[in-house]
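1. build me a model from this:
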Amino acid sequence: MADRTLDTSGLSCPIPILKAKKALGEMAVGSVLEVIATDPAAPNDFIAFCKATGHALLDNGTREGCYWFHIQRAQTS
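-> All right, here's what the predicted structure looks like:
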(Lines give C-alpha, C1' and ligand atoms only; values in the text may rest on other atoms or scores of the structure.)
Protein backbone atom coordinates (compact mmCIF):
# COMPACT_ATOMS: atom_id res chain seq x y z
CA MET A 1 0.00 0.00 0.00
CA ALA A 2 1.32 3.41 -0.96
CA ASP A 3 1.71 6.19 1.59
CA ARG A 4 1.17 8.82 -1.10
CA THR A 5 -0.05 8.87 -4.71
CA LEU A 6 1.27 11.19 -7.40
CA ASP A 7 -0.76 11.40 -10.62
CA THR A 8 1.37 12.67 -13.52
CA SER A 9 -1.10 11.63 -16.22
CA GLY A 10 -0.78 13.77 -19.33
CA LEU A 11 2.71 15.01 -18.47
CA SER A 12 5.75 14.23 -20.61
CA CYS A 13 9.32 13.47 -19.66
CA PRO A 14 11.06 14.79 -17.62
CA ILE A 15 8.16 16.26 -15.60
CA PRO A 16 6.95 12.94 -14.02
CA ILE A 17 10.48 12.18 -12.81
CA LEU A 18 10.98 15.69 -11.43
CA LYS A 19 7.65 15.58 -9.59
CA ALA A 20 8.44 12.13 -8.18
CA LYS A 21 11.87 13.30 -7.02
CA LYS A 22 10.29 16.26 -5.21
CA ALA A 23 7.57 14.10 -3.63
CA LEU A 24 10.06 11.47 -2.44
CA GLY A 25 12.21 14.22 -0.92
CA GLU A 26 9.25 15.27 1.23
CA MET A 27 8.58 11.72 2.44
CA ALA A 28 10.11 9.72 5.28
CA VAL A 29 12.69 7.03 4.55
CA GLY A 30 10.89 3.74 3.88
CA SER A 31 7.67 5.41 2.72
CA VAL A 32 6.14 4.27 -0.55
CA LEU A 33 5.13 6.61 -3.36
CA GLU A 34 2.73 5.44 -6.05
CA VAL A 35 3.26 7.28 -9.33
CA ILE A 36 0.67 7.14 -12.11
CA ALA A 37 1.87 8.16 -15.57
CA THR A 38 0.77 8.05 -19.19
CA ASP A 39 4.07 8.96 -20.87
CA PRO A 40 5.24 5.94 -22.93
CA ALA A 41 8.81 6.63 -21.76
CA ALA A 42 7.82 6.35 -18.08
CA PRO A 43 8.72 2.65 -17.55
CA ASN A 44 12.30 3.12 -18.73
CA ASP A 45 12.58 6.52 -17.05
CA PHE A 46 11.48 5.28 -13.62
CA ILE A 47 13.70 2.19 -13.75
CA ALA A 48 16.69 4.42 -14.54
CA PHE A 49 15.64 6.98 -11.90
CA CYS A 50 15.50 4.34 -9.16
CA LYS A 51 18.86 2.86 -10.15
CA ALA A 52 20.46 6.31 -10.18
CA THR A 53 18.99 7.49 -6.87
CA GLY A 54 18.97 4.29 -4.83
CA HIS A 55 15.21 4.36 -4.28
CA ALA A 56 13.61 0.90 -4.56
CA LEU A 57 11.19 0.20 -7.39
CA LEU A 58 8.99 -2.26 -5.51
CA ASP A 59 6.46 -2.96 -8.23
CA ASN A 60 5.09 -1.55 -11.47
CA GLY A 61 2.56 -2.32 -14.14
CA THR A 62 -0.30 -0.98 -16.20
CA ARG A 63 -3.98 -0.47 -15.49
CA GLU A 64 -6.70 1.40 -17.33
CA GLY A 65 -4.24 2.71 -19.93
CA CYS A 66 -1.84 4.12 -17.35
CA TYR A 67 1.50 3.01 -15.99
CA TRP A 68 1.94 2.80 -12.23
CA PHE A 69 5.04 2.50 -10.06
CA HIS A 70 5.54 1.85 -6.36
CA ILE A 71 8.78 3.48 -5.24
CA GLN A 72 10.16 3.15 -1.71
CA ARG A 73 12.16 6.13 -0.50
CA ALA A 74 15.75 5.33 0.35
CA GLN A 75 18.12 7.17 2.63
CA THR A 76 19.89 9.63 0.33
CA SER A 77 22.65 12.07 1.04
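2. the closest residue in space to residue 29 that isn't next to it in sequence and residue 17, how far apart?
-> Excluding the flanking residues, the one nearest residue 29 by C-beta to C-beta, 6 or more residues apart in numbering is residue 75, at 5.0 Å. Using the backbone N, CA and C atoms, a C-beta is placed for each residue, glycine as well. Residue 75 is 20 Å from residue 17, where distance means C-beta to C-beta, to the nearest Å.
3. neighbour-wise, which of the two wins?
-> Ranked by neighbour count (other C-beta atoms under 10 Å), residue 75 and residue 17 place residue 17 first, with 22 against 8.
4. would you confirm that the more buried one contacts residue 45?
-> Yes - with contacts counted by C-beta atoms under 8 Å, residue 17 reaches residue 45, the gap being 5.5 Å.
5. list the contacts for the spatially most central residue of the chain?
-> Closest to where the C-alpha atoms of the chain average out (C-alpha atoms, centre = their mean) is residue 35, at 4.5 Å. The contact partners of residue 35, by C-beta atoms under 8 Å, 6 or more residues apart in numbering, come to 5-6, 8, 16, 20, 42, 46, 68-69, 71.
6. secondary structure element for the residue nearest to residue 29?
-> Residue 75 belongs to no helix or strand when assigned by DSSP states H and E.
7. ok, now residue 27?
-> Residue 27 belongs to no helix or strand, assigned by DSSP H and E.
8. ok so, going back, tell me the pLDDT at the residue nearest to residue 29?
-> Per-residue confidence (pLDDT) for residue 75: 91.
9. of the contacts of residue 35, just say which sits nearest to residue 55.
-> Of all those, residue 71 has the smallest distance to residue 55: 5.2 Å, by C-beta to C-beta.
10. which phi and psi does the nearest residue to residue 23 once chain neighbours are set aside have?
-> When the adjacent residues along the chain are set aside, residue 23 lies closest to residue 6, with 5.1 Å between them (C-beta to C-beta, 6+ apart). Per-residue torsions, residue 6: phi -120, psi 120 (degrees, to the nearest 10).
11. what does residue 42 give?
-> Main-chain torsions, residue 42, degrees, to the nearest 10: phi -60, psi -50.
12. list the contacts of the helix or strand encompassing residue 19.
-> According to DSSP H and E, residue 19 maps onto helix 15-25. With contacts defined as C-beta under 8 Å, 6+ apart, helix 15-25 is touched by 4, 6, 8, 11, 33, 35, 37, 39, 42, 45-46, 49, 53, 55, 71, 73.
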